[in-house]
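Trainee: Everything below, folded, please.
(one chain, ligands or ions: 1)
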Amino acid sequence: MKKQSDLLTKMKTYLCPPGNGVFTVNTAKERKEGLHQKLFKTTENIEALWMKSLDGLATSDAPCLLGVCSDTGGGILRGANWGPLFLREQLLADNPNLNIFDMGDIRVIPHLLHDKYLNDPTIANCRKALYGDEKSELPVSSLSITEDFTKNFYDTFPTKGIFAIGGDHSVSYPLVKSYLKAKKAQGKKVAVVHFDAHTDLLVERLGIDICFGSWATHVLEFLDSPALMHQIGIRSTGKSKEHWETTFGVHQHWAKDVKEKGAEKVANEIIEHYKKEGVQEIYVSFDIDAIDSSYASATGTPEKDGLDPHEAMTILKLISSNFPITGADIVEIAPFLATNEGKQSEPDTTLSVASSLGQFLIEAMANANRSISTNR
Ligand SMILES: [Mn+2]
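Mentor: This next block holds a predicted model:
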């Protein structure tokens, strides 16, 4: 019980109401109010209603939603900080009875990425801004807060799952790291399925080791073996598949492989490998740019010749019918960046694709939770 009340205190300190993670006074006010109306049936006293709602966490058996409105780790076109607000709205519009426990959004200082890049006076100043106390010991950057929060979350509720919405892809660094460490502590063998147009396997980018192009490299050390990461949808890289597979030990299924072999065959190769390895649970990290830019252009680096939504869905369905999906994120949805090909229908198309993927993952996580609880 002590653990639970400590976590609750941390949640009230680190998080804010759903949709409020981008710090603004007037921007998107109507959109935020629309979301709050859907979630709380009112637009008044949201802070208090949200805090009260957190008391239900322990008894809820739904997957837990976390928004990480950070795009500081991006580097081409930003705007994924709005993903959590817009995708939540779309998810609830498409499915008003969505089976989710919404924990809220990480409180984000938009100029900060990770505390290790900051000096002491800046950290003290930001502690004062976030926590009203410059002598506080708490982290201040989006990725550092997310890591500490998710670590505490899994320590307290080892069998609960987090469905996170980014944010640029750097947010998957703390999310996946905490998940892998928690599962290792539980003696569970787990794997990561990573959908993306890019490999995200840089060691660093312009001297920064944790960013949208390098997060995957730095979670590999927390897997039993780097071979347990399968990357799907790759097509925008200057190097060959062999280069990435031999340098890092991961497995890749490029978008052209999916077109040539078919989504079912690719999924079955992954499933066969994971069964041979004795994998018990799966984390899915989904960069929306894995999907072809004709369906998903509201993102920082839209890429053509990508996966059709039904190909991604086929792969996810086959994987989830063989393994429980116990953690997931969808990242890089940048609703204000509907620039590609001047499409009139954007960002609605991107959001609608992301919403079907999100609904599927949430449902898969809820099913996984039920099957794991009954097998215990
Ligand atoms: Mn990515």
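
Trainee: Just to check, residue 360 is in contact with residue 317?
Mentor: Yes: counting by CB atoms under 8 Å, residue 317 is a contact partner of residue 360 at 7.4 Å. Yep, even glycine has a C-beta here, placed from its N, CA and C like the rest.

Trainee: Now do stretch 153-173, average pLDDT.
Mentor: Stretch 153-173 carries an average pLDDT of 97.

Trainee: Okay, now the sheet partners of the helix or strand that contains residue 164, with direction.
Mentor: Taking DSSP states H and E as the criterion, residue 164 maps to strand 162-166. Paired neighbours of strand 162-166 in the sheet (DSSP bridges): strand 64-68 (parallel), strand 325-331 (parallel).

Trainee: Give me the residue ranges of the stretch 251-376 of the chain where confidence is low.
Mentor: Within the stretch 251-376 of the chain, the segments meeting pLDDT under 70 span 339-343, 373-376.

Trainee: Could you find the closest non-adjacent residue to the residue of it found nearest the ion?
Mentor: Going by CB to the ion, the ion is nearest to residue 287 of the stretch 251-376 of the chain, at 3.6 Å. Using CB to CB, 6 or more residues apart in numbering and skipping residues adjacent in sequence, the residue nearest residue 287 is residue 196, 4.1 Å away.

Trainee: for the one you found, what are its contacts?
Mentor: Neighbouring residues of residue 196 by CB atoms under 8 Å, 6 or more residues apart in numbering: 169, 231-234, 285, 287, 289-290.

Trainee: hmm, back to that, using TSV, lay out the strands paired with strand 162-166 together with mean neighbour count and distance to the ion.
Mentor: Output for those, formatted as TSV (neighbours: other CB atoms under 10 Å; distance: least, CB to the ion, whole Å):
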stretch	mean neighbour count	distance to the ion
strand 64-68	26	14
strand 325-331	27	7
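
Trainee: Quick check: chain neighbours aside, which residue is closest to the residue nearest the centre of the chain?
Mentor: Closest to where the C-alpha atoms of the chain average out (CA atoms, centre = their mean) is residue 329, at 2.6 Å. With sequence-adjacent residues excluded and distances taken as CB to CB, 6+ apart, residue 329 is closest to residue 164, at 4.1 Å.

Trainee: Please enumerate the strands of the protein.
Mentor: Applying DSSP state E to the chain gives strands spanning 15-16, 64-68, 101-106, 162-166, 190-195, 229-234, 251-254, 281-287, 325-331.

Trainee: Quick one: those as CSV, columns for distance to residue 313 too.
Mentor: Formatted as CSV, those follow (distance: least, CB to CB, whole Å):
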stretch, distance to residue 313
strand 15-16, 30
strand 64-68, 20
strand 101-106, 24
strand 162-166, 16
strand 190-195, 11
strand 229-234, 12
strand 251-254, 15
strand 281-287, 11
strand 325-331, 13
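
Trainee: The ones you listed: which one's closest to residue 86?
Mentor: Checking the strands of the chain against residue 86 by CB to CB gives strand 162-166 as the closest, at 9.1 Å.

Trainee: still on that earlier bit, now do the residue nearest to residue 287 against residue 247, distance only.
Mentor: Using CB to CB, to the nearest Å, we find residue 196 at a distance of 17 Å from residue 247.

Trainee: Please apply the same query to residue 49.
Mentor: Taking CB to CB, one finds residue 49 at 50 Å from residue 247.

Trainee: Next: residue 165.
Mentor: Distance from residue 165 to residue 247, by CB to CB: 31 Å.

Trainee: who has more neighbours, those two?
Mentor: More neighbours surround residue 165 than the other of residue 165 and residue 247, with 27 against 14 (other CB atoms under 10 Å).

Trainee: residues in contact with that one?
Mentor: Applying CB under 8 Å, 6+ apart, the residues near residue 165 are 65-68, 83-84, 87-88, 329-331, 333, 358.

Trainee: Excluding chain neighbours, what is closest to it?
Mentor: The spatial neighbour of residue 165 that comes closest, neighbours along the chain excluded (CB to CB, 6+ apart), is residue 84 at 4.4 Å.

Trainee: near the ion, which residues of the stretch 51-200 of the chain show up?
Mentor: Contacts of the stretch 51-200 of the chain with the ion, taken as CB under 5 Å from the ion, map to 169, 196, 200.

Trainee: ok, back up a step: return the residues in contact with the residue nearest to the centre of the chain.
Mentor: Residue 329 touches 163-166, 171-172, 175-176, 284-286, counting by CB under 8 Å, 6+ apart.

Trainee: In those residues, which residue is surrounded by the most others?
Mentor: Neighbour-wise, the contacts of residue 329 (other CB under 10 Å) top out at residue 166, 35 neighbours.

Trainee: Quick check, that one in contact with residue 328.
Mentor: No: judged on CB under 8 Å, residue 166 makes no contact with residue 328 at a distance of 11.4 Å.

Trainee: and the two most separated of the contacts of residue 196?
Mentor: 169 and 232 (14.5 Å).

Trainee: Run a quick neighbour tally on residue 321.
Mentor: Residue 321 has 11 nearby residues by other CB under 10 Å.

Trainee: I meant residue 142, not that one.
Mentor: Counted with other CB under 10 Å, the neighbours of residue 142 add up to 31.
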